[in-house]
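Asks: Quick one: sequence and predicted model below, then my questions.
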There are 2 protein chains.
Amino acid sequence: MKNFKITQDGTEIYLGDGETKRMGELVKKYKGKKVLLVYGKESIKKNGLYEKIVFQLKENSIEHFDLSGVKPNPILEKVEEGIEICKRERIDFILAVGGGSVIDSAKAIAGGALDSGSVWDYYQQLRAPKEALPLGVVLTIPATGSESNPYTVLSYKDEKRGTGSPHFIPKFAILDPENTLTLPSNQTAFGVVDMFLHICEQYFHNEYTPIQDGISEGLLRGVIEIGKGLLQSPNDKNLRAASLWAGNIALSGFLAKGVNGGDWSSHSIEHEISAINDIAHGAGLAVIFPAWLEYVSKKNPKKIEQFGKYVFEMDSIESTIKAVRDFFESLSVSTFITDNSIKISDFDKIATQATKFGDIGGYVKLKKDDIKEILKIAIK
Amino acid sequence: MKNFKITQDGTEIYLGDGETKRMGELVKKYKGKKVLLVYGKESIKKNGLYEKIVFQLKENSIEHFDLSGVKPNPILEKVEEGIEICKRERIDFILAVGGGSVIDSAKAIAGGALDSGSVWDYYQQLRAPKEALPLGVVLTIPATGSESNPYTVLSYKDEKRGTGSPHFIPKFAILDPENTLTLPSNQTAFGVVDMFLHICEQYFHNEYTPIQDGISEGLLRGVIEIGKGLLQSPNDKNLRAASLWAGNIALSGFLAKGVNGGDWSSHSIEHEISAINDIAHGAGLAVIFPAWLEYVSKKNPKKIEQFGKYVFEMDSIESTIKAVRDFFESLSVSTFITDNSIKISDFDKIATQATKFGDIGGYVKLKKDDIKEILKIAIK
């Protein structure tokens, strides 16, 4: 795969081997002089990425402050820590180096840095940010599409909530396969499940959109292929680049153009699960989606039949659901709750929280009791 | 299909029913005060589009001058007429209302208006434009993708040549299905063939690009579906909108991201045919592409087998080529030269011109004699 640049809906995306070298100049282009560097674990120090970034910042006379330790299922407290640094040090640019959790936190910090109230208000849909600091991304985990979209998900206490704002759209995103080579196999697999789901959740609706459907079905086949390929060849830069591209398209907004919302039930239910259990987002999705497919196929089989035919070459819903499970399991991602990480006693709470703002689902509408049934299928 | 906006690589695209109403404001946004309105036949006067546009221009206090009569396979002389008006009237914005021929001419005019030399130099690859007037598009024929890409094709004497420049990328493009409802069925069909070919010509290469492949295969299936659908229901706005979206994606540059050039042989050969015969571009392509498939499948079958499997559910090259012919014929577009429009005595000239700048083709390299063989298959 050749390196390339694409600008879509406000983000300059640079994809390909070695593209990290553009980072310093890009921060400069967007007038960054005092940067908050947001990242997660120390892995970027081990693989040399941190050093490369700091070198480029210095080379461009850009000062930086660090916020490290952002965790999967990112939390409000860490965001508040970042906001405090921004205000104290008069930070003018946020650089997120990581995956979805880091980028989502960086978005909240970018908004909070220019806000006198709490950013948790955004996630509670109480008010929207009026402005935000400019944000750039060096992506290390392909999965969430957050590197070029307006969305962010954050947790506070037992709640995990998502929101979006045009002010959160990153100015640039660097998708360099080199930076994903050291990704552990389970995180690679969870990322593949997450992007697979993002495509599915925009695909399942009841409108007639043949162009978007065809693109999504083909993209899903591509994701299956690179998912399996990466298991065998985790150091293949071409596969890593393809995975970065797939993850971006999956939730850049492109697939949603012309589509009336899709069906985000699996994500909504999973968010409630990982709000009260510290399990990986991809692991939660792999458990919920097949159960969702099974449950809603009884009420509205049409698009699931189409999905089976064009993504898996299957001619029955049963074999389609099995093919989805087989794919996830082939990535060593479990599709049933077997380790008691999600407790039956929590089902009611999960279902209540997921429907807090009303029924969910654009393909099949789900009430609280429907969600409990889906959870039962997931645990059987 | 819901209305939407997407901005990609410099063009604001507004797609959906009624989006034409934004035109006046968009011209104003890009500082247009004296506009050259470029269009083809009088059809936009008959269907009311011309009146709508002039009304919006007046409403925004924008003066306009007309250049009408741009023909399919657009010619340099008409472009020069437009450039003359631009220079004489100090035009500051070009508004193209039409399909590929009108937009391609408008691009040349936009460049020529700020150039003291001949724009034909661009097409001869002698020099590139250094600047161009800003350009906007109201698309009436979905097919070429020219509404949001840097490319333009023009004819002069017996030569038809293409070129591209970042200065030619339109500032905005309005893709309103309302404006395509009166498109005659043969033009609808030629447009479908053209977009089908654009996807194929980026798809046929020898690199491993699973994501781009999957997307292209799915998009091709979508194009087949809307092509057949429009034959039955030419007034279906949803199908017309889908066709606009497909034609745009097909050559917006999106499919080419990460791909190493593709194989544009069918287009190259067709350009030489329509340079000396006044046949529609889509009609020429429908004759050449199946012949090209047949010829190159003997040398490099792999991707054609993949194409057959995922686009047509065929398991042999023979049945795949038949499926392509059947699809084009189902649109009443002939896939063999039967009307003597392309003469055997011209084969040598066509093949010589097509290879003027060297061998062509990224999937299978073609020399002059190979092209003559392809033409022989097309005429059998």
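Replies: Structure's in. What do you need?
Asks: The residue of chain A found nearest chain B: how many residues sit nearby?
Replies: Shortest chain A-to-chain B distance, computed as C-beta to the nearest C-beta: residue-wise this is residue A:218, at 2.9 Å. For every residue, glycine as well, the C-beta is placed using N, CA and C. Under the neighbour criterion other C-beta atoms under 10 Å in any protein chain shown, residue A:218 is assigned a count of 27.
Asks: Excluding chain neighbours, what is closest to it?
Replies: In this structure, residue A:218 finds its nearest non-sequential neighbour in residue B:218, 2.9 Å apart by C-beta to C-beta, 6 or more residues apart in numbering or on different chains.
Asks: Centroid-nearest residue for chain A?
Replies: When C-alpha atoms, centre = their mean is applied to chain A, the residue found nearest the centroid is residue A:144 (1.9 Å).
Asks: Over to that one. Which of the three states is it?
Replies: Under DSSP: H, G, I helix; E, B strand; the rest coil, residue A:144 falls in the coil class.
Asks: wait, what's in contact with it?
Replies: Taking C-beta atoms under 8 Å, 6 or more residues apart in numbering or on different chains as the contact definition, residue A:144 lies against A:99, A:100, A:103, A:104, A:194, A:198, A:247, A:251.
Asks: so how many other residues sit close to the third one?
Replies: Other residues lying near residue A:103 total 31 when counted by other C-beta under 10 Å.
Asks: my guess is it meets residue A:145, correct?
Replies: No - with contact defined as C-beta atoms under 8 Å, residue A:103 does not reach residue A:145; the gap is 9.5 Å.
Asks: coming back round to it: okay, the residue of chain A closest to chain B and residue A:9: tell me how far apart.
Replies: 22 Å (C-beta to C-beta, to the nearest Å).
Asks: can you check residue A:278 too?
Replies: 33 Å.
Asks: which residues touch residue A:361?
Replies: Residue A:361 makes contacts with A:263, A:264, A:265, A:296, as judged by C-beta under 8 Å, 6+ apart.
Asks: If we use 6 Å, what do you get?
Replies: With contact taken as C-beta atoms under 6 Å, 6 or more residues apart in numbering or on different chains, residue A:361 is in contact with A:263, A:265.
Asks: Quick check, pLDDT for the residue nearest to residue A:237 when sequence neighbours are not counted.
Replies: Counting by C-beta to C-beta, 6+ apart, the nearest residue to residue A:237 once its immediate chain neighbours are dropped is residue A:177, at 4.4 Å. We have a pLDDT of 98 for residue A:177.
Asks: my guess is residue A:177 contacts residue A:242, does it?
Replies: No - under the criterion of C-beta atoms under 6 Å, residue A:177 makes no contact with residue A:242, lying 8.7 Å away.
Asks: which of the two has more neighbours?
Replies: When residue A:177 and residue A:242 are compared for neighbours, residue A:242 comes out ahead with 29 against 25, by other C-beta under 10 Å.
Asks: tell me which residues in the helix or strand where that one lies are buried?
Replies: Element membership of residue A:242, judged by DSSP states H and E, is helix A:237-251. Applying a neighbour-count criterion of 16 or more other C-beta atoms under 10 Å in any protein chain shown, one finds A:237-251 buried in helix A:237-251.
Asks: OK, contacts around residue A:372?
Replies: When contacts are counted by C-beta under 6 Å, 6+ apart, residue A:372 is found next to A:347, A:351.
Asks: Now do residue A:281, the pLDDT please.
Replies: 89.
Asks: Might you report the residue contacts of it?
Replies: Under the criterion of C-beta under 6 Å, 6+ apart, the contact list for residue A:281 reads residue A:274.
Asks: how far away is the residue lying farthest from the centre of chain A from residue A:19?
Replies: Ranked by distance from the centre of chain A (C-alpha atoms, centre = their mean), the top residue is residue A:61, with 32.2 Å. Plainly put, residue A:61 is 22 Å away from residue A:19 if you go by C-beta to C-beta.
Asks: ok, now residue A:70?
Replies: Plainly put, residue A:70 is 23 Å away from residue A:19 if you go by C-beta to C-beta.
Asks: between the two, which one's more packed in?
Replies: In terms of neighbours (other C-beta under 10 Å), residue A:70 is the more surrounded of residue A:70 and residue A:19; the figures are 26 against 23.
Asks: So that one is in contact with residue A:100, correct?
Replies: No - under the contact definition of C-beta under 6 Å, residue A:70 does not touch residue A:100, with a separation of 10.2 Å.
Asks: Confirm for me that residue A:189 is in contact with residue A:334.
Replies: No - taking contacts as C-beta under 6 Å, residue A:189 lies outside contact range of residue A:334: 10.6 Å.
Asks: Which positions in the stretch 1-150 of chain A make contact with chain B?
Replies: Contact residues, the stretch 1-150 of chain A versus chain B (C-beta under 6 Å from any C-beta of the partner chain): A:1, A:2, A:4, A:6, A:7, A:8, A:9.
Asks: residues touching the last one, list them.
Replies: Remark: with contacts taken as C-beta under 6 Å, 6+ apart, residue A:9 is in contact with A:253, B:7.
Asks: Mind telling me what element the residue lying closest to residue A:75 once chain neighbours are set aside is part of?
Replies: Spatially, and ignoring its direct neighbours in sequence, residue A:75 is nearest to residue A:155 (5.1 Å; C-beta to C-beta, 6+ apart). Assigning secondary structure by DSSP H and E places residue A:155 in strand A:151-156.
Asks: Centre of the chain to that strand, how far?
Replies: When distances are taken as C-alpha atoms, centre = their mean, to the nearest Å, strand A:151-156 is centred 11 Å away from the chain's centroid.
Asks: Any idea how many residues pack against residue A:126?
Replies: Neighbours of residue A:126 using other C-beta under 10 Å come to 10.
Asks: for it, helix, strand, or coil?
Replies: In the three-state summary, residue A:126 is assigned as coil, counting by three-state DSSP.
Asks: Can you pull the phi/psi pair for it?
Replies: Summarising the backbone geometry of residue A:126 under the convention degrees, to the nearest 10, its torsions are phi -80, psi -40.
Asks: can you count the residues close to the residue nearest to residue A:295 when sequence neighbours are not counted?
Replies: Of all residues beyond its chain neighbours, the one nearest residue A:295 is residue A:374 (4.9 Å), with distances taken as C-beta to C-beta, 6+ apart. When neighbours are counted by other C-beta under 10 Å, residue A:374 registers 28.
Asks: The stretch 1-150 of chain A: strands as residue ranges?
Replies: Under the criterion DSSP state E, counting those that start in this stretch, the stretch 1-150 of chain A contains strands at A:4-8, A:11-15, A:34-39, A:63-67, A:93-98, A:135-139.
Asks: Domain boundaries for chain A, per the record?
Replies: Here the domain parsing of chain A from automatic domain parsing is A:4-179, A:184-379.
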